[in-house]
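Trainee: kindly return the folded structure for what I paste below:
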Amino acid sequence: MLGKVAIANAKLAYHRFTELFSGDALERPGQKRSPAQRLLWASTSTKNPGYRDVIYVEELIGSSTVNTIPPATFNAFREPAGFAQV
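Mentor: The predicted model follows:
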């Protein structure tokens, strides 16, 4: 269960976000549409050395989200497992 509660809570927040900021609820006749709202996941690098370094990035990536991560976590995420960076 370690690390899973935070991910589950974030996924609930994302679900609620998609309910609030999608569909016809935002359309108002005669008004211009505002820029798309995005959900910010801030600092999703792993703080616990017992967790995989990309656990939160992998679990929270999604449409209409912005994720702030340090370069080392980004590099670990974009590199396929088992391949050294060239």
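Trainee: quick one, phi/psi of the closest residue to residue 57 other than its chain neighbours?
Mentor: Distances taken as C-beta to C-beta, 6 or more residues apart in numbering place residue 77 nearest to residue 57, at 4.9 Å, with adjacent residues excluded. (Each C-beta comes from the backbone N, C-alpha and C, glycine too.) Torsion angles at residue 77 (phi, psi; degrees, to the nearest 10) stand at phi -70, psi -40.
Trainee: pLDDT of stretch 49-67, averaged?
Mentor: For stretch 49-67, mean pLDDT is 90.
Trainee: buried residues of that stretch, list them for me.
Mentor: Within stretch 49-67, the residues that count as buried by 16 or more other C-beta atoms under 10 Å are 54, 55, 56, 57, 59, 60, 67.
Trainee: among those, which two are most distant?
Mentor: The distance between the two most remote of those (C-beta to C-beta) is 12.9 Å, for 55 and 67.
Trainee: where does pLDDT dip in the chain?
Mentor: The chain contains residues with pLDDT under 70 at 23-35, 81-86.
Trainee: rerun at 80
Mentor: For the chain, the stretches flagged by pLDDT under 80 are 1-3, 22-36, 80-86.
Trainee: could I get the CA-only coordinates of the helix ranked longest in it as CSV?
Mentor: When the chain is scanned for its longest helix (criterion: DSSP state H), the result is helix 4-20. What follows is helix 4-20, C-alpha atoms only, in CSV (Å, rounded to 0.1, in the frame of the first residue of the first chain):
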residue,chain,number,x,y,z
LYS,A,4,-0.5,3.9,-3.5
VAL,A,5,-2.8,6.1,-1.4
ALA,A,6,-1.3,9.3,-2.8
ILE,A,7,-1.7,8.1,-6.3
ALA,A,8,-5.3,7.0,-5.7
ASN,A,9,-6.1,10.4,-4.1
ALA,A,10,-4.6,12.2,-7.1
LYS,A,11,-6.6,10.1,-9.5
LEU,A,12,-9.8,11.0,-7.6
ALA,A,13,-8.8,14.7,-7.9
TYR,A,14,-8.2,14.2,-11.7
HIS,A,15,-11.6,12.6,-12.1
ARG,A,16,-13.3,15.5,-10.4
PHE,A,17,-11.2,18.0,-12.4
THR,A,18,-12.5,16.3,-15.7
GLU,A,19,-16.0,16.6,-14.4
LEU,A,20,-15.7,20.3,-13.6
